[in-house]
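In: have a look at this fold, sequence not included:
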């Protein structure tokens, strides 16, 4: 009770007299409660900041993994794309029953250079608002308060603390063309929920080519039955019969097309994907009745 009274007295009197009335131990307690616990790992060139404003939230600035010299305006734009809903959701693998948000999941800026990503999880509970607030903390600590903004990761997010979020730089290889009738996040999101996003590298190629594990072309679509139109993502090879790549890289490039092109009412193509740059993904609109070729 005495420490609580000391806190109140120190919080009220912002004068020399007030300081005199407060014991030094109370000021020590005040500083301990208001100062984040900052631990620096010089070997990893990163810092971990545990923030009392969010229960158990930890923010780590890590330019080696998530990039240097990020554009604050781009990252603010990506952060603004996260919904503000506080409703509890289930985050988990694509295709699993009961999952509301398939992970990994990503929001990107209109220039494609900053991405905010929910890491892959086998099952976690939380809300978009939890993620948005964690992103705001990362932005303040690792972008706004740094002379050179750095990428970062926030952990211990959500109801069970099992969600993590990153802010990272991205180099898009996207060109836009249009216009589209089906533009907006709802169309690209439908499509991205079904597209694989595994990070394991595998062999993509033509049917019958030895060693090919994923036969191309492949298509993923989202349909608007009222407008009688569909947005189609086509993953295909360019000038080769076989290429090694990861679905994660293809998925991330498709997210970039969504942020840079589809949100602006245009289709687009991301090129130079895969180990030798021989895979491209194209987002284009078709009538429902039309067969893509």
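Out: Received it, and whenever you're ready, just let me know what you need. Just so you know, these numbers come straight off a predicted model, no measurement behind them.
In: pretty sure residue 258 belongs to a helix, no?
Out: Yes - under DSSP: H, G, I helix; E, B strand; the rest coil, residue 258 falls within a helix.
In: low-confidence ranges, this protein, go.
Out: 1-55, 290-293 (pLDDT under 70).
In: for the residue minimising distance to the centre of it, give the beta-bridge partners.
Out: Nearest to the mean C-alpha position of the chain, counting by CA atoms, centre = their mean, stands residue 117 at 1.7 Å. Here residue 117 shows beta-bridge partners residue 106, residue 166, assigned using DSSP bridges.
In: and it, what does it touch?
Out: Each residue near residue 117 by CB atoms under 8 Å, 6 or more residues apart in numbering is listed here: 104-107, 165-166, 168. C-beta coordinates here come from the backbone N, C-alpha and C atoms, glycine included.
In: before we move on, what about residue 172?
Out: Contact analysis of residue 172 by CB under 8 Å, 6+ apart lists 111-113, 253, 256, 260, 270.
In: make JSON lines out of those residues and add secondary structure.
Out: JSON lines is the format used below for the contacts of residue 172 (three-state DSSP):
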{"residue": "111", "secondary structure": "coil"}
{"residue": "112", "secondary structure": "coil"}
{"residue": "113", "secondary structure": "coil"}
{"residue": "253", "secondary structure": "helix"}
{"residue": "256", "secondary structure": "helix"}
{"residue": "260", "secondary structure": "helix"}
{"residue": "270", "secondary structure": "strand"}
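In: tell me the spacing between the residue nearest to the centre of the chain and residue 252.
Out: Shown here: residue 117 relative to residue 252, a distance of 8 Å by CB to CB, to the nearest Å.
In: any shared contact partners between the two?
Out: Shared contacts of residue 117 and residue 252 (CB under 8 Å, 6+ apart): residue 106.
In: in this protein, which spans are helices?
Out: Assigned by DSSP state H, the chain shows helices spanning 2-12, 16-21, 24-34, 63-66, 72-80, 128-138, 185-194, 247-260.
In: of the contacts of residue 172, buried ones?
Out: 111-113, 253, 256, 260, 270 (16 or more other CB atoms under 10 Å).
In: dump those residues to a markdown table, plus distance to residue 85.
Out: Shown next, in a markdown table, are the buried ones among the contacts of residue 172 (distance: CB to CB, whole Å):
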| residue | distance to residue 85 |
| --- | --- |
| 111 | 26 |
| 112 | 25 |
| 113 | 26 |
| 253 | 27 |
| 256 | 24 |
| 260 | 25 |
| 270 | 29 |
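In: what's near enough to touch residue 256?
Out: 108, 112, 115, 170, 172, 174, 270.
In: revised request: answer the last question for residue 65.
Out: Residue 65 makes contact with 151, 153, 168 under the criterion CB under 8 Å, 6+ apart.
In: what's around the last one, how many residues?
Out: By the criterion of other CB atoms under 10 Å, residue 168 has 21 neighbours.
In: most neighbours of all the contacts of residue 117, which one?
Out: Counting neighbours by other CB under 10 Å, residue 165 leads the contacts of residue 117 with 27 neighbours.
In: wait, that one touches residue 139, no?
Out: No - applying CB atoms under 8 Å, one finds residue 165 not in contact with residue 139, separated by 11.0 Å.
In: residue contacts, the nearest residue to residue 132 once chain neighbours are set aside?
Out: Distances taken as CB to CB, 6 or more residues apart in numbering put residue 82 closest to residue 132, at 4.5 Å, once the chain neighbours are dropped. Under the criterion of CB under 8 Å, 6+ apart, the neighbours of residue 82 are 107, 116, 128, 131-132, 135.
In: same check, this time on residue 110
Out: Residue 110 is in contact with 74, 77, 259-260, 263-264, counting by CB under 8 Å, 6+ apart.
In: weed out the non-buried ones from the contacts of residue 82.
Out: Taking 16+ other CB under 10 Å as the criterion, what is buried in these is 107, 116, 128, 131-132, 135.
In: circling back to that earlier point, columns distance to residue 64 on top of the contacts of residue 65, output as JSON lines?
Out: Listed next are the contacts of residue 65 as JSON lines, based on distance: CB to CB, whole Å:
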{"residue": "151", "distance to residue 64": "9"}
{"residue": "153", "distance to residue 64": "12"}
{"residue": "168", "distance to residue 64": "11"}
